[in-house]
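Trainee: Provided below are the primary sequence and the corresponding predicted coordinates.
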Amino acid sequence: MHRFAVLAKQTAASPGCKGPGSCRNGRRDVALRCIASLVEGKRHQQRFTQRTRPGREGLVRWNSAAEASAVKINEKTSREKILTLESMNPQVKAVEYAVRGPIVLKAGEIEKELRKGIKKPFTEVIKANIGDAHAMGQQPITFLRQVVALCTYPNLLDSPSFPEDSKKRARRILQGCGGNSLGSYSASQGVNCIREDVAAYIERRDGGVPADPDNIYLTTGASDGIATILKILVSGGGKSRTGVMIPIPQYPLYSAAISELDAIQVNYYLDEENCWALDVNELRRSLNEAKAYCNPKVLCIINPGNPTGQVQSRKCIEDVIHFAWEEQLFLLADEVYQDNIYSEECQFHSFKKVLYEMGPEYYSNVELASFHSTSKGYMGECGYRGGYMEVINLHPEIKGQLVKLLSVRLCPPVSGQAAMDIVVNPPVPGEESYAQFIKEKESVLNNLAQKAKLTEDMFNKVPGIHCNPLQGAMYAFPRIFIPSKAIEAAKAHEMAPDLFYCMKLLEETGICVVPGSGFGQREGSYHFRMTILPPVEKLKIVLEKVKDFHIQFLEEYA
Amino acid sequence: MAENGLREKVLSLDSMNPWIKRLEYAVRGPVLARAVELEEELRQGVQKPFTEVIKANIGDAHAMGQRPITFLRQVSALCLYPELLSEPLFPDDAKQRARRLLAACGGQSVGAYTASPGIEIIRQDVARYIERRDGGIPANPDNIYLSTGASDAVMTMLKLLVSGEGRSRTGVMIPIPQYPLYSAGIAELNAVQVNYYLDEEHCWALDVGELRRALRQARGHCQPRVLCIINPGNPTGQVQSRKCMEDVIQFAWEEQLFLMADEVYQDNVYAEGSEFHSFKKVLFEMGPTYSSVVELVSFHSISKGFMGECGLRGGYMEVVNLDPAVQQQLSKLVSVRLCPPVPGQVLLDVVMNPPKPGEPSYQSFIREKQAVLSDLARKAQLTQEIFSQVPGIRSNPVQGAMYSFPRIQIPARAVQEAQARGFAPDMFFCLQLLEETGICVVPGSGFGQREGTYHFRMTILPHVEKLRIVLKKLSQFYAKFTQEYS
């Protein structure tokens, strides 16, 4: 039986969890939990406990501290809560999301302490845990903000301080909105003219491969699109439950969504020795093993890679598509870093384009959903929660189901849709804002390329750190050597070794990075993910500090 | 391989998630789909018995011509494009709020992710707003979670609450008629929907006797753990009395039910003698036996009220008496989606923290707000008056919210005709109405109604003059329809 099904059964069977009407039986259960929790509390001196596999071990970590406080509350009142750790949705309990997990909570606590004037060996916390460009000081693209401001407060359309091309775009977007207002609900699929602009953008990007606006769905950031498609895809029980193949290391949105939907996570490992390349033989191994216990239906690809930064070659993409065709897998292509390519020898190829170029046998059969976002690229507009997905070869009836599902949430945020429109429909040569737009865009991207190189170079100079080239995306995911004494110390603290390492790094330097265990890694190897977004000078200091820390760490646990 | 040489799809109606297949959302269902087609036909010059489609299916104020509240948009524009902070065009109180909000954003930009429960100072402003609203009952910012519209928050809470299998599967009690987000959320999570009927004969009042009946029956096949209340009511427009809310809280306490209070229409109360009471306030005034025990979550939104900013997808929920361990789980769950859209958070802040007396924008803000609300009150009155003059249509008073949900008699022959065509009778009526008048309303079957009764939901948001015409056309169509099938 699936382990969460077991958990659910146990939960349902436990005496305190019969819900309404059972409050009189509740007290015994509280007493039992008090004892259990005292025992737990002794063992769990530390809040965070060890995890060995990606995505699935949230139970222990979130439960120990939380349960202790739950018991305190229960002592005050005589009644058992209706919604408790035991009675809650077990799939949600199993969800984990390390990018905003315990290390980030700790960073928040330290920031508060610093504000209170508590002395630390550093003066600020640097949150390198997440790809949040503006938070790291990147300036917004002027044109994008001008258009969105015009849409938000159309009185500005009379203001001489805005260029005509921004006004033209704002007027067009507003005409696509009910009552000419961003405050109206849009169609659930998104504003029509924005979907048309997205389709035109995809056609330009893919050298003329046609894109149909009806296949474009605007979303609340890419995360929303991915979770929505996964939701539709998951079905079956027992051995026919849907399996979802994801890369290891992965972006933990995938493992979290899989947990939440009670689908089966099927890991395929990227090849660290080979710049984190995807190897079709490994896909095959993983698929064949998974067929024994689930029905693998979905293959997720992240290109450029997060957290790995690898950019897939055209050949590799062809192999993947051929594999999906052969094995009848639904392809999910996470392409949110498509503008973030830094290595000279690398180029972004969209799955859609390669699929099309492989000929009709493939492009009229392989089902594909591709995702993009306003949060990454050169714009870094994370806060707007804008994005889109394009679906290919989706069954017409399923399209109806998808629109129905989306309509329950009414529509994606319209300001995010407007921001997405500018990303896909930027100033063109001859327009007033073109020169400045290109200057700002190039400056961000050149800067990122420089930081990618700098990061790789500096990490590779540190003994015990190995970093693959950052071909794309926004992160370094270096492999770190952790001495066996440190592993023992981590075990004593009930922490994964790389979590232990990252906690110490945070406490000693104020630098917040995410342990590799949050993304998944081969057993016995350790990594962390760090964004390369801080300004160059600051990034240099950060890298120096990590270096010093690492050397000292190696000495301490030698 | 299929006959046309194409392979069978991986994702088909047969292989898809069966729970998603089952869910329905009538507000944007087949009637709207047809309305959109008709709009397109009109654009192409196809002759119709009408010149425009009026989408009265949804509470979308701006689409119906309501103007945005200036101050809200000023602060938003300043946050989105801070260069405007030096423009003399903008009043100082707007600039001051924008500066404060920007200072709370990473890198002073609304383009940065925020904390997953929302920007800290906005949560503080929400807590202070709730305290003012509830006459000083304390609200803790830690219990406030900003959301992507109220729908997102409702789904998040349902997601946390649903568990068990078979007869121990979570049952969720919802009013009938209901707002179909609830039935859709329940279907998506494969929870068990437990219906309790509102009393149409008594202005759609909630009766605790009926709650008890529904609960008792449901216990035979599921484990009811959640009680959803919509107040003011959608689609019914009823505003609950304080007494009724006390009874509901007492019932939730007795029966150990988790209370979900959908209070997104809290600013939309029109009827003389009706007043909005929040569940939180009533709970606390019932004393510690209740206020320290009953688990409650309340939802609010920027989409309704006087602002009608649906497109920005802003909202919040406040949780009360949530188990601290569960609250950690909630924080974790919302972190996967990173954060609610920041423009929506910003706008919510201004709704929570509007201009105060003495500030430069105070007068114009109050004027705009009052204009919207008194206009809505007038339209609520007008709608009820016109409908009650039509034989065969019966409309309860629209005490609050934004909809009329009149009961219509459908002649037996029309019922037969509908059945012959595979439609629910009220769906048949609404589709005919749309084809002949261009007016798009939602059949009562999409919200739920007592067997054998028929209704439709229509917003009262069109401009007064337009609303008058819509109501007249609708009444005329109804008379013709009943005659045709008599």
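Mentor: Great, that's in hand.

Trainee: tell me the contacts of residue B:340?
Mentor: A:385, B:114, B:118, B:146-148, B:152, B:313-315 (C-beta atoms under 8 Å, 6 or more residues apart in numbering or on different chains). Heads up, the C-betas are built off the backbone N, CA and C, glycines and all.

Trainee: my bad, residue A:449
Mentor: residue A:342.

Trainee: Contacts for stretch B:428-437, please.
Mentor: With C-beta under 8 Å, 6+ apart, stretch B:428-437 has contacts from B:30-31, B:34-35, B:38, B:49-50, B:53, B:408, B:410, B:414, B:417-418, B:421, B:423, B:439-443, B:454, B:456, B:473-474, B:477, B:481.

Trainee: one more time with 6 Å
Mentor: Applying C-beta atoms under 6 Å, 6 or more residues apart in numbering or on different chains, the contact partners of stretch B:428-437 are B:31, B:34-35, B:49-50, B:418, B:439-441, B:443, B:456, B:473, B:477.

Trainee: And the strands in chain A?
Mentor: If DSSP state E is used as the criterion, the strands of chain A fall at A:126-127, A:216-219, A:242-248, A:264-269, A:295-302, A:330-334, A:368-373, A:387-392, A:465-466, A:475-476, A:479-480, A:511-512, A:514-515, A:528-531.

Trainee: Let me know the angle separating the fifth one from strand A:368-373.
Mentor: It refers to strand A:295-302. 40 degrees (axes from the mean of the first three to the mean of the last three C-alpha atoms, to 10 degrees).

Trainee: which strands and helices sit next to strand A:295-302?
Mentor: Other elements packing on strand A:295-302 under the criterion 3 or more C-beta pairs under 6 Å, 6 or more residues apart in numbering or on different chains; DSSP states H and E are strand A:242-248, strand A:330-334.

Trainee: Can you tell me which of those is most buried?
Mentor: For these, the largest average neighbour count (mean count of other C-beta atoms under 10 Å in any protein chain shown) is found in strand A:330-334, namely a mean of 27.

Trainee: Restricting to C-alpha, output that one in CSV.
Mentor: The C-alpha trace of strand A:330-334 is given here as CSV (Å, rounded to 0.1, in the frame of the first residue of the first chain):
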residue,chain,number,x,y,z
PHE,A,330,2.9,13.5,-22.0
LEU,A,331,5.7,16.1,-22.1
LEU,A,332,5.9,19.1,-19.8
ALA,A,333,8.7,21.5,-20.8
ASP,A,334,9.5,24.1,-18.2
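
Trainee: re the thing from before, for the helices and strands packed on strand A:295-302, please prepare JSON lines with the additional fields distance to chain B and mean pLDDT.
Mentor: Shown next, in JSON lines, are these (distance: least, C-beta to the nearest C-beta, whole Å; pLDDT from 0 to 100):
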{"stretch": "strand A:242-248", "distance to chain B": "8", "mean pLDDT": "97"}
{"stretch": "strand A:330-334", "distance to chain B": "4", "mean pLDDT": "97"}
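
Trainee: TSV for the ones you listed, including distance to residue A:143?
Mentor: Converted to TSV, the helices and strands packed on strand A:295-302 look like this (distance: least, C-beta to C-beta, whole Å):
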stretch	distance to residue A:143
strand A:242-248	35
strand A:330-334	27
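
Trainee: Close to chain A: what parts of the stretch 301-450 of chain B are there?
Mentor: Within the stretch 301-450 of chain B, the positions lying close to chain A (C-beta under 6 Å from any C-beta of the partner chain) are B:309-311, B:313, B:323-326, B:328, B:333, B:335-337, B:341-344.

Trainee: Pass me the low-pLDDT residue ranges in chain B, would you?
Mentor: B:1-5 (pLDDT under 70).

Trainee: Let me see the domain layout of it.
Mentor: As given by automatic domain parsing, the domain ranges for chain B are B:18-65+B:366-484, B:100-352.

Trainee: any idea which of the ones you listed is most buried?
Mentor: domain B:100-352 (a mean of 22).

Trainee: From the chain's centroid, how far away is it?
Mentor: Distance of domain B:100-352 from the chain centroid (C-alpha atoms, centre = their mean, to the nearest Å) equals 11 Å.

Trainee: Pull up the distance across that domain, start to finish.
Mentor: In domain B:100-352, first residue to last residue: 14 Å (C-alpha to C-alpha, to the nearest Å).

Trainee: Now that we have the domains of chain B, can you turn them into TSV and tack on distance to residue A:325?
Mentor: Rendered in TSV, the data for those read as follows (distance: least, C-beta to C-beta, whole Å):
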stretch	distance to residue A:325
domain B:18-65+B:366-484	26
domain B:100-352	31
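
Trainee: can you tell which of those is closest to residue A:501?
Mentor: Comparing these against residue A:501 with C-beta to C-beta, the closest turns out to be domain B:100-352 (22.1 Å).

Trainee: ok, now how distant is residue B:198 from chain A?
Mentor: Distance of residue B:198 to chain A, computed by C-beta to the nearest C-beta, to the nearest Å: 22 Å.

Trainee: oh, I was asking about residue B:420
Mentor: Distance, residue B:420 to chain A, using C-beta to the nearest C-beta: 24 Å.

Trainee: So that residue versus residue B:413, what's the distance?
Mentor: Per C-beta to C-beta, to the nearest Å, residue B:420 is found 10 Å from residue B:413.

Trainee: Same question for residue A:314.
Mentor: 66 Å.

Trainee: do residue A:182 as well
Mentor: 47 Å.

Trainee: And for residue B:428?
Mentor: 11 Å.

Trainee: Equivalent analysis for residue A:129, please.
Mentor: From residue A:129 over to residue B:413 (counting by C-beta to C-beta), the distance is 67 Å.

Trainee: got the residue ranges for the helices in the stretch 351-500 of chain A?
Mentor: With helices called from DSSP state H, counting those that start in this stretch, the stretch 351-500 of chain A shows them at A:351-357, A:360-363, A:396-408, A:414-424, A:434-460, A:484-492, A:497-509.

Trainee: okay if I get those helices as a markdown table plus distance to residue A:206 and mean pLDDT?
Mentor: Listed next are the helices of the stretch 351-500 of chain A as a markdown table, based on distance: least, C-beta to C-beta, whole Å; pLDDT from 0 to 100:
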| stretch | distance to residue A:206 | mean pLDDT |
| --- | --- | --- |
| helix A:351-357 | 4 | 97 |
| helix A:360-363 | 12 | 94 |
| helix A:396-408 | 21 | 90 |
| helix A:414-424 | 13 | 97 |
| helix A:434-460 | 20 | 96 |
| helix A:484-492 | 47 | 95 |
| helix A:497-509 | 39 | 95 |
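
Trainee: which of the ones you listed sits most buried?
Mentor: Among these, highest average neighbours (mean count of other C-beta under 10 Å) belong to helix A:414-424, with a mean of 29.

Trainee: That one vs chain B: in contact?
Mentor: Yes: against chain B, helix A:414-424 shows contacts by C-beta under 6 Å from any C-beta at A:414-416.

Trainee: Out of these, which comes closest to residue B:398?
Mentor: For the residues of helix A:414-424 next to chain B, the nearest to residue B:398 is residue A:414 (27.9 Å; C-beta to C-beta).
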